[in-house]
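Q: 3D model of this:
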Amino acid sequence: MDIDGGGEAVEVSSRQVQVRFVTKLKPPYKAPQASISIPANLTRFGLSALVNNLLQAANVEWKSEPFDFLIDGELVRMSLEEFLLAKGISSEKVLEIEYIKAIVPRKEEEPSLHDDWVSAVDGSNDGYMLTGCYDGFGRIWRAAGVCTHVLDGHSGPVTSICNLMPKVEGVIDQIVATASKDRTLRLWKLGEEGSVDQPKKIQSFKILRGHNAAVQSIAAAPSSDMVCSGSWDCTINLWNVNTSETDGVSVPVKKRKKDGRVEEPQSEGEALTTLVGHTQCVSSVVWPERGTIYSASWDHSIRRWDVETGKDSLNMSCGKVINCLDIGGEGSALIAAGGSDPVLRIWDPRRPGTLSPIFQFASHNSWISSCKWHRKSWFHLVSASYDGKVMLWDLRTAWPVAVIDTHKDKVLCADWWKDDSVITGGVDSKLCISSGISVL
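A: Predicted structure coming up:
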């Protein structure tokens, strides 16, 4: 994990520039705003040490921490002198530099071990995390190492998992959806937690059948009453989420025995509609607003679908296999995607000529497996890759603001949790939690 320290000695330079440090952070993070003369060859490490010195002079109990710096809305990733020259900014006037908390994890939790690859994570509820695993089970985790529920029912690897009602506090009333290589989706009511020593094993209350190949990705509608699924059969199915047995397209299934015990009765649901257009695996689906679904595919395309008509209103050819997709950023409108090269690309479909990405981040060394926008920031997102790295990005600079390397093999999935943590899963069979990330 790369962390920028705040205690580095300030570099010495013969050339000086006049600067004023400003911040939107609240006390005790506010330094005096008087202009001061500093060496022009300071990098962000030296600037961070300088601000920490100013804060410590005003507060003897101050403990140093790393900061990042913005000039005219852009993060500084070179010396002041080089930055001013590159941007054509005069060094004759007082330079206003805004400082913010550096986006780096302050803590790595103990990994939560699984029995096979961790292929899916969901951190949309602050009270717990969801994981899907190649052992066929879904799991609910209250904290690192604390598994409260095991979702038992799929006959193949779980490829995707999501909360249907992420804003509901606790787990008792929560419904979770899972997808699997066994071609089905399943819905689960979590109920009371199990003990720390013995997680509660539960069966699904509904099985959704209709795909002809492995289901790769699922997403819940914002209203929580529907889910969509993308499959290796090249289609996207839309499903009604009905917690009762009276769903018009559900078929009751009798109680069945498993390992000598009787399971609860389940119902089976059929797809309400199918979106057709992709010609290869639909690798990722996102449902950001009621009437719109986005999908990504191995056919190199990203599509935006009108739920009402079932037609695509946007079809972008990206020239690469696409593995992952998310919608967020400014106005919750930017498209982030990664695939069969090391480049994380971002598009703004509101702009004319949307076939060209507005950002391309190329610091990974292998395929990108996952990308996720921060829910409350226009600037920040996380990416995971087969190179074993997890990277945190800020749109205001072309380089990752932090690199997390807690995994020892391919990283398969990533998400934000509690606004200040990143959760990831991979081929090393671990759920890893990097916390204390000061995005807000």
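Q: in the longest helix along the chain, which residues are buried?
A: With residue count as the measure and DSSP state H as the assignment, the chain has helix 44-58 as its longest helix. By neighbour count, with 16 or more other C-beta atoms under 10 Å as the criterion, the buried positions of helix 44-58 are R44, F45, G46, L47, S48, A49, L50, V51, N52, L54, L55. Heads up, the C-betas are built off the backbone N, CA and C, glycines and all.
Q: return the distance of that helix from the chain's centre.
A: Averaged C-alpha coordinates place helix 44-58 at 32 Å from its chain's average position (C-alpha atoms, centre = their mean, to the nearest Å).
Q: might you list the low-confidence residue ranges for the stretch 51-200 of the chain?
A: Within the stretch 51-200 of the chain, the stretches falling below the threshold (pLDDT under 70) are 194-196.
Q: so which residues of it form helices?
A: With helices called from DSSP state H, counting those that start in this stretch, the stretch 51-200 of the chain shows them at 80-87.
Q: all strands of it, in order?
A: Listed in chain order, the strands of the stretch 51-200 of the chain (DSSP state E, counting those that start in this stretch) span residues 67-71, 74-75, 95-101, 107-108, 112-113, 118-122, 129-133, 138-143, 146-151, 158-163, 175-180, 184-189, 200-202.
Q: how far off helix 80-87 does the first one point, in degrees?
A: The directions of strand 67-71 and helix 80-87 differ by 40 degrees, with axes from the mean of the first three to the mean of the last three C-alpha atoms, to 10 degrees as the criterion.
Q: show me what strand 67-71 is packed against.
A: With contacts taken as 3 or more C-beta pairs under 8 Å, 6 or more residues apart in numbering; DSSP states H and E, strand 67-71 sits against helix 44-58, strand 95-101.
Q: circling back: of the buried residues of helix 44-58, closest to L275?
A: Within the buried residues of helix 44-58, the smallest distance to L275 is 46.0 Å, found for R44 (C-beta to C-beta).
Q: got a list of what that closest one touches?
A: Neighbour list for R44: D4, F67, D68, F69, V76, R77 [criterion: C-beta atoms under 8 Å, 6 or more residues apart in numbering].
Q: distance of it from G328?
A: Applying C-beta to C-beta, to the nearest Å, one obtains 26 Å for the distance of R44 from G328.
Q: count of neighbours near the nearest residue to D182 once chain neighbours are set aside?
A: Spatial nearest neighbour of D182, chain neighbours left out: G156 (3.6 Å); criterion: C-beta to C-beta, 6 or more residues apart in numbering. Around G156 sit 14 other residues, with neighbours defined as other C-beta atoms under 10 Å.
Q: residues near I172, how many?
A: 11.
Q: same check, this time on E74
A: The number of residues packed around E74, counting by other C-beta under 10 Å, is 15.
Q: distance of the spatially closest residue to it that is not a sequence neighbour relative to S267?
A: Distances taken as C-beta to C-beta, 6+ apart put R396 closest to E74, at 5.4 Å, once the chain neighbours are dropped. Using C-beta to C-beta, we find R396 at a distance of 49 Å from S267.
Q: on that earlier part again, so which of the strands of the stretch 51-200 of the chain is nearest H211?
A: Closest to H211 of the strands of the stretch 51-200 of the chain is strand 184-189 (C-beta to C-beta; 7.6 Å).
Q: partner strands of the closest one, parallel or antiparallel?
A: The sheet places strand 184-189 alongside strand 175-180 (antiparallel), strand 206-209 (antiparallel), with pairing taken from DSSP bridges.
Q: mind listing residues that contact that strand?
A: Counting by C-beta under 8 Å, 6+ apart, residues outside strand 184-189 touching it are 138, 151, 153-154, 164, 174-180, 202-209, 211, 215, 218, 227, 229, 239, 241, 243.
Q: that strand to strand 138-143, inter-axis angle?
A: Here the directions of strand 184-189 and strand 138-143 differ by 40 degrees (the same axes, to 10 degrees).
Q: what's the angle between strand 184-189 and strand 146-151?
A: Going by the same axes, to 10 degrees, strand 184-189 is angled at 130 degrees with respect to strand 146-151.
Q: so what's the gap between strand 184-189 and the chain middle?
A: Shown here is strand 184-189, whose average C-alpha point lies 22 Å from the average C-alpha point of the whole chain (C-alpha atoms, centre = their mean).
Q: just stretch 147-157 next, same as before
A: 22 Å.
Q: now that stretch: buried residues?
A: Of the residues in stretch 147-157, C147, T148, H149, V150, L151, D152, G153, H154, P157 count as buried by neighbour count, 16+ other C-beta under 10 Å.
Q: what of stretch 269-276?
A: Neighbour-count burial for stretch 269-276, counted by 16+ other C-beta under 10 Å, picks out G269, A271, L275.
Q: what pairs with the first one across the strands?
A: Partner residues in beta bridges with G269, using DSSP bridges, are L208, S250.
Q: how close does it sit to V215?
A: Relative to V215, G269 is positioned 13 Å away (C-beta to C-beta).
Q: over to the second one?
A: The spacing between A271 and V215, counted by C-beta to C-beta, is 11 Å.
Q: count of residues packed around P27?
A: By the criterion of other C-beta under 10 Å, P27 has 7 neighbours.
Q: cool, K181 as well?
A: Other residues close to K181 by other C-beta under 10 Å number 19.
Q: and if you look at A398?
A: A398 is flanked by 15 other residues according to other C-beta under 10 Å.
Q: now swap in T309 and tell me
A: Neighbours of T309 under the rule other C-beta under 10 Å: 9.
Q: if we can go back for a sec, which one of the contacts of R44 is nearest D409?
A: Lowest distance from D409 to these (C-beta to C-beta) belongs to D4, with 26.4 Å.
Q: can you verify my assumption that P66 contacts I100?
A: No. The pair P66 and I100 fails to qualify as a contact (C-beta atoms under 8 Å) at a distance of 10.4 Å.
Q: which of these two has more residues huddled nearby?
A: Neighbour count, other C-beta under 10 Å: between P66 and I100, P66 has more, with 23 against 18.
Q: with adjacent residues omitted, what lies nearest to the more buried one?
A: Leaving aside its sequence neighbours, P66 sits nearest to A102 (C-beta to C-beta, 6+ apart; 3.8 Å).
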